[in-house]
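Q: structure of the sequence below:
(one chain, ligands or ions: 1)
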Amino acid sequence: MLGLLARTMGKASLVKPSALVKPVSVTKIAGRYLAHQEGLPKLPVPPLRQTCERYLAMLEPVISEEELSHTRQLMSEFLRSGGVGERLQKGLERRARKTENWLSDWWLQTAYLEFRMPVVVYSSPGVVLPKQEFHDRQGQIRFAAKLIAGVLDFKTMIDNETLPVEYLGGQPLCMNQYYQVLSSCRIPGPKRDTVVNHALGKRPPTHITVVHNFQFFVLDVYNSDGTPLTVDQLYMQLEKIWNSSLQTNKEPIGILTSQHRNTWGKAYNNLIKDKTNKESVRAIQKSIFTVCLDAPMPRVSDDLYRSRAAVQMLHGGGSRWNSGNRWFDKTLQFIIGEDGTCGLIYEHAPAEGPPIVSLVDHVVEYTKKSEMVRSPMVPLPMPQKLRFNITPEIKKDIEKAKQNMNIMVHDLDVKVIVFTHFGKNFPKSQKMSPDAFIQMALQLAYFRMYQTCCSTYESASLRMFRLGRTDTIRSASIDSLNFVRGMDDPTKQNTEKVALLGKAVQAHRAYTDMAIRGQAIDRHLLGLKMQAIEDLASMPEIFMDTAYAVAMHYNLSTSQVPAKTDCVMCFGPVVPDGYGVCYNPMEEHINFAVSAFNSCEETDAARLAQALHDALVDMRDLLEQTPKAKL
Ligand code: COA
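A: Coordinates of the predicted model:
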């Protein structure tokens, strides 16, 4: 997928990206995207010694002095002049010269396509949108129709290459991910998966898939003249789908996609042996996106509503509820319930959260527009229902998938909170980076719960570079540890605590700047490891070391996904005894989604969410109670 794009990109002429700022036109600007991409810098390979030194510094707060001194020895051997490190670094630099991006394909393979755990809970993020003002089937269908029209409106910008170029820290960003999220789908394989992107094919699709009561339909969303269906037309088509899928006793074929990838890979080959099944699966894979019209979920109090909505997005609630009303391999699935619940789940391989959320922002604005002009009701053909022939073997696979799904559902604990005391405004008023402030609150919350700090992952965008994805911001540092220890130390004066907080926030912001400029350590270390594998060399000892395992065991896996919409992204933890924390800092409040596994006795999503709330309040109080003059 990326390779194909990289090849086409090579033919583009170079145009200064600054010439591309914001011209949004309704007509196609052919070649604009490729020209923009060509103007982006290539991802650098950081200097070897810099990464190794930073790696040792990063280990300090998370491992013992004894382990650290062992790792230091291994590192000096690795860095020996003419040694393994230098050889691997040279290999990486060669790869960087020869490819569009030395990392992106390795990353796609190792982080996603070779990852064998189910995409549900373990990889795919969900997004909870604000609850909508409808309470019945009609409202559900009308909202779905508007949402589809909104996505098609966004798609026009992608097709016409008129999407405004995004910026981070004043630098233009790679826009490639926007071209990967529509008309694409993951396909399971017995050892590794693939992703197909039909938008890049000769005949891009003109249909979406709609699923209701576990039954899939192909809905053509363009008229024969190429114009998208209007909201009214979409409404009528969705109503037809609804009415012809009233039976609730259908086999939840889509639940197969929630399985462990090897299991699903085998079941997939079995499923598509049948020609009808193969065609139906292909229609889903090829569709622009999927809309899931969900059955009602158990009612909960207002307090718990967002947490319940989050699990509906992440896994559908189990085989009794909506987990079969999905095709989890599909890159984009919008989910709409009858009670005003709406959001989405996306398969992570093709993109990170920010492009998805910017699409969401557009769609949400679109759905707010007053009712569209009524279109003349030219009768449209009945959307095609996708048939599946269920053999006893497929039935058995579905039963196994249901069981496995229900285990995952019981194991996932999600707590969504809206922190209302302040938003980005407060840290900004203190001349502090809001993201760093929130990350330090997380460090404090974790330390208060466990009296220790842990390896912490925060995603940093590498989109300043061509085909860039992410690197890791290591939020646990010596400075963060000094701050969290000092914060609750009764022997320390407030002024000292403020100074420790300020230093920790600054260190975090400095790491962020280093990461988004391609100078962080994690992807570089991964690259060195991959280079050793590619060279068929023995694995360097620094990667076999306990310290490396500890460094990679992220008890806190976190991400900021900011949006204009009052929504929140959510995802599962990445280790059995860890937490997943995602947040959307708005100007005056912050939405947080915290996840953990029930099977782990030490973790508790609600407790961490509460600790995070308290940490944020305490940090604000500390800053407010400490006279500025003394800072
Ligand atoms: N004083 C006052 N204001 C400050 C400040 C300071 N010292 N430092 C930052 N700010 C302001 C910024 O100017 C910005 O203003 P805006 O709201 O007008 O845009 C705002 O505070 C936010 O800045 P900050 O909190 O520092 O974060 P950021 O926006 O730079 O984001 C990351 C940091 C790491 C989230 C971002 O760089 C990134 O990489 N995002 C992508 C993450 C990703 O891919 N996640 C998806 C995973 S699926």
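
Q: where does the stretch 501-631 of the chain have low pLDDT?
A: Scanning the stretch 501-631 of the chain with the threshold set as pLDDT under 70 gives 629-631.

Q: how far does stretch 488-504 sit from its chain's centre?
A: 35 Å (C-alpha atoms, centre = their mean, to the nearest Å).

Q: in that stretch, which residues are buried?
A: 497-504 (16 or more other C-beta atoms under 10 Å). Any C-beta I mention is one placed from the backbone N, CA and C, and that applies to glycine too.

Q: between the residues you listed, which is nearest residue 229?
A: For the buried residues of stretch 488-504, the minimum distance to residue 229 (C-beta to C-beta) is 52.8 Å, reached by residue 504.

Q: next up, the contacts around that closest one.
A: Applying C-beta atoms under 8 Å, 6 or more residues apart in numbering to residue 504 gives the contacts 436, 440, 443, 477, 479-480, 482-483.

Q: how about those residues, which pair is most distant?
A: 436 and 482 (14.7 Å).

Q: so which of the contacts of residue 504 are in helices?
A: Residues from the contacts of residue 504 lying in helices, with DSSP state H as the criterion: 436, 440, 443, 479-480, 482-483.

Q: which of the residues you listed come close to the ligand?
A: Applying C-beta under 6 Å from any ligand atom to these, one finds that nothing falls near the ligand.

Q: could I get those residues in TSV, plus columns for distance to residue 522, pLDDT and neighbour count?
A: Listed next are the ones in helices among the contacts of residue 504 as TSV, based on distance: C-beta to C-beta, whole Å; pLDDT from 0 to 100; neighbours: other C-beta atoms under 10 Å:
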residue	distance to residue 522	pLDDT	neighbour count
436	18	98	24
440	20	98	30
443	18	98	27
479	19	98	22
480	17	98	29
482	23	98	17
483	23	98	26
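
Q: list just the nearest of those to residue 148.
A: residue 436 (38.8 Å).

Q: doesn't residue 509 make contact with the closest one?
A: Yes: counting by C-beta atoms under 8 Å, residue 436 touches residue 509, with 4.7 Å between them.

Q: any residue of stretch 413-427 up close to the ligand?
A: Yes: using C-beta under 6 Å from any ligand atom, we find that stretch 413-427 touches the ligand at residue 424.

Q: rewinding a little: for the contacts of residue 504, which one is nearest the ligand?
A: residue 436 (6.0 Å; C-beta to the nearest ligand atom).

Q: which residue is the nearest non-sequential neighbour of that closest one?
A: Excluding the flanking residues, the one nearest residue 436 by C-beta to C-beta, 6 or more residues apart in numbering is residue 508, at 3.8 Å.

Q: mind checking what secondary structure that neighbour has?
A: helix (DSSP: H, G, I helix; E, B strand; the rest coil).

Q: and what of residue 333?
A: Going by three-state DSSP: residue 333 is strand.

Q: give me the distance between it and the ligand.
A: 16 Å (C-beta to the nearest ligand atom, to the nearest Å).

Q: residues contacting residue 268?
A: Going by C-beta under 8 Å, 6+ apart, residue 268 touches 187-188, 256, 281.

Q: helix or strand: which one has it?
A: Using DSSP states H and E, residue 268 falls within helix 261-271.

Q: for the ligand, what are the nearby residues on this structure?
A: Counting by C-beta under 6 Å from any ligand atom, the chain sits next to the ligand at 125, 168, 352-354, 424, 428, 431-435, 459-461, 470, 473, 509, 512, 516, 559-561.

Q: please indicate which of those are buried?
A: Buried members of the residues of the chain next to the ligand, counted by 16+ other C-beta under 10 Å: 125, 352-354, 424, 432-435, 459-461, 470, 473, 509, 512, 516, 559-561.

Q: among the contacts of residue 268, which lie within helices?
A: Those of the contacts of residue 268 lying in helices (DSSP H): residue 281.

Q: which of the contacts of residue 268 fall within strands?
A: Using DSSP state E, the subset of the contacts of residue 268 located in strands is residue 187.

Q: which among the contacts of residue 268 count as buried?
A: Listed as buried from those are 188, 256, 281; burial here means 16+ other C-beta under 10 Å.

Q: give me the nearest residue to the last one, chain neighbours excluded.
A: The spatial neighbour of residue 281 that comes closest, neighbours along the chain excluded (C-beta to C-beta, 6+ apart), is residue 272 at 5.7 Å.

Q: please tell me how far that neighbour sits from the ligand.
A: When residue 272 is compared with the ligand (using C-beta to the nearest ligand atom), they lie 30 Å apart.

Q: phi, psi for that residue please.
A: phi -90, psi 10 (degrees, to the nearest 10).

Q: what's the burial count for residue 514?
A: 18 (other C-beta atoms under 10 Å).

Q: distance of it from residue 474?
A: Distance from residue 514 to residue 474, counting by C-beta to C-beta, to the nearest Å: 10 Å.

Q: give the residues shared as contacts by these two.
A: Joint contacts of residue 514 and residue 474 (C-beta under 8 Å, 6+ apart) are residue 520.

Q: pLDDT below threshold where in the protein?
A: 1-26, 370-376, 629-631.

Q: what about the strands in the stretch 101-250 of the chain?
A: Listed from the start of the chain, the stretch 101-250 of the chain has strands (DSSP state E, counting those that start in this stretch) covering 126-128, 167-168, 171-172, 184-187, 194-197, 207-212, 215-220.

Q: ok, the residue of the stretch 201-350 of the chain found nearest the ligand to residue 141 distance?
A: Closest to the ligand within the stretch 201-350 of the chain is residue 348: 7.1 Å, counting by C-beta to the nearest ligand atom. Distance, residue 348 to residue 141, using C-beta to C-beta: 29 Å.

Q: more neighbours: which of those two?
A: It is residue 141, of residue 348 and residue 141, that has more neighbours when counted by other C-beta under 10 Å, with 23 against 20.

Q: list the contacts of the more buried one.
A: The contact partners of residue 141, by C-beta under 8 Å, 6+ apart, come to 235, 238-239, 242, 293.

Q: need these in JSON lines with neighbour count and distance to residue 522, can you?
A: As requested, these are arranged in JSON lines below (neighbours: other C-beta atoms under 10 Å; distance: C-beta to C-beta, whole Å):
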{"residue": "235", "neighbour count": "20", "distance to residue 522": "47"}
{"residue": "238", "neighbour count": "24", "distance to residue 522": "44"}
{"residue": "239", "neighbour count": "15", "distance to residue 522": "49"}
{"residue": "242", "neighbour count": "19", "distance to residue 522": "47"}
{"residue": "293", "neighbour count": "24", "distance to residue 522": "40"}
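
Q: what about the helices in the stretch 1-150 of the chain?
A: In the stretch 1-150 of the chain, the segments counted as helices under DSSP state H, counting those that start in this stretch are 2-9, 32-38, 48-59, 65-78, 84-98, 104-107, 119-122, 137-159.

Q: which of these is buried the deepest?
A: Comparing these by mean neighbour count (mean count of other C-beta atoms under 10 Å), helix 119-122 ranks first with a mean of 23.
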